[in-house]
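> everything below, folded, please.
(chains A and B)
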There are 2 protein chains.
Amino acid sequence: MKASVLFSGGKDSSLSAILLEPFFEIELVTCTFGVLPVGEVARKAAKKLGFPHRTLELGRQVLEEAYVSLIKDGFPRNAINHIHYKAVEQLSFDGNVSAVIDGVRRDDRAPVLTLGQSRSIEDRSGIMYICPLKGYGRSAVDHLVDKHLIIEEGQSSEVIKADYETELREIIYQRHDRNMVEKLFPSHVQSHVIGRKR
Amino acid sequence: MKASVLFSGGKDSSLSAILLEPFFEIELVTCTFGVLPVGEVARKAAKKLGFPHRTLELGRQVLEEAYVSLIKDGFPRNAINHIHYKAVEQLSFDGNVSAVIDGVRRDDRAPVLTLGQSRSIEDRSGIMYICPLKGYGRSAVDHLVDKHLIIEEGQSSEVIKADYETELREIIYQRHDRNMVEKLFPSHVQSHVIGRKR
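All right, here's what the predicted structure looks like:
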């Protein structure tokens, strides 16, 4: 059976694909609004991991809804969760998909689907929604990442990643300025996969 | 690295071991209070799966605490969660253990550790506590079980399993009667692993 992994080029989605590789036929899927060439960034990372890759275009309306939420809230959590829910939903109803794989970990607060959202998507679409790292804490993820991946880390403003935050930040920059980006998005360490240990 | 899977002979703990087999050195560990020969039941299932197996003796005090809780509540959830927490904790502090694996699924209500209990055990013991099926719903588990395991199913009163419920039921039977067992433990379908598909 095919498993379609929502892929950002980061270590969690990469590790999720590696954990399922012995049991499913993996494809990596990167969501984009077309604001930045994040699909291209992800495609390079996917190639290094050795998995097939495609992009999924999300409707600009979803980005606009996230923008409104971000400006209203003053922090990105709800906006990113909204995009994530819409991405999982759209991929689940893609006719060619049997299982949607989400790289969320046990201790993540965003992006994460609620239990109700998870069940609703499974019930309505008939797909399996699997979060392989949902039962993994930081030390277990770190152990497996160290064993299987080569990554580079940097501040979120410097590492180009194919996640929802990247395009949301860009929209804020285009419509406001650098200061607004820094105000809305707390700086945090991002990781980017640059290879796989075999 | 070694991963010690809490093993009941059921499909969830068996599947957890299979999912981690490509990434860890698996051992199956069955907890027992010595009330019934559940270790022996589990040993046979472990052999069919092809993993090394051992038993872990839990203190009778824990069973007594669960008994008190069960009689007070009138239902087994809190009692079983109490035993489970103590089992995970004892295995985590077993000097020879690096990772404790729990077969809990996304939609399980018991036995399940809270997020706080999970983090507390990791922080205090230094081990990794991993729940490989925590991000799997029923359809995903069913798919993988069907692909990898041969199971038999039956009512919980008929299938001998190496889970906490089995010995707790026996204590209720010894101290009360069959009616009390049926009153406290709702009948439900239990599964028992009898082979592995290769």
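> which parts of chain A sit against chain B?
Contacts of chain A with chain B, taken as CB under 8 Å from any CB of the partner chain, map to A:1, A:19, A:22-23, A:99, A:102, A:104, A:106-107, A:115, A:118-119, A:122, A:128-137, A:139-140, A:143-144, A:147. No exception for glycine: its C-beta is placed from N, CA and C like everyone else's.
> pretty sure A:G137 is in contact with B:C131, am I right?
No. The criterion here is CB atoms under 8 Å, and A:G137 misses it with B:C131 at 9.6 Å.
> looking at these two, which has the bigger crowd around it?
Here A:G137 and B:C131 are compared on neighbour count by other CB atoms under 10 Å in any protein chain shown; more neighbours surround B:C131, at 26 against 21.
> can you count the residues close to the residue found closest to that one once you drop the neighbours it is linked to in the chain?
Spatially, and ignoring its direct neighbours in sequence, B:C131 is nearest to A:G135 (2.9 Å; CB to CB, 6 or more residues apart in numbering or on different chains). Other residues lying near A:G135 total 25 when counted by other CB under 10 Å.
> now swap in A:G59 and tell me
11.
> and it, how far is that from B:G95?
A:G59 sits at a distance of 55 Å from B:G95 (criterion: CB to CB, to the nearest Å).
> repeat that for A:E122.
41 Å.
> equivalent analysis for A:R196, please.
33 Å.
> pLDDT below threshold where in chain A?
A:156-159 (pLDDT under 70).
> and the helices in it?
Applying DSSP state H to chain A gives helices spanning A:11-20, A:38-49, A:60-73, A:77-92, A:115-125, A:138-148, A:164-175, A:178-184.
> need those in JSON lines (columns: mean neighbour count).
As requested, the helices of chain A are exported to JSON lines (neighbours: other CB atoms under 10 Å in any protein chain shown):
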{"stretch": "helix A:11-20", "mean neighbour count": "24"}
{"stretch": "helix A:38-49", "mean neighbour count": "20"}
{"stretch": "helix A:60-73", "mean neighbour count": "16"}
{"stretch": "helix A:77-92", "mean neighbour count": "20"}
{"stretch": "helix A:115-125", "mean neighbour count": "15"}
{"stretch": "helix A:138-148", "mean neighbour count": "17"}
{"stretch": "helix A:164-175", "mean neighbour count": "19"}
{"stretch": "helix A:178-184", "mean neighbour count": "13"}
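> right, I'll leave it there.
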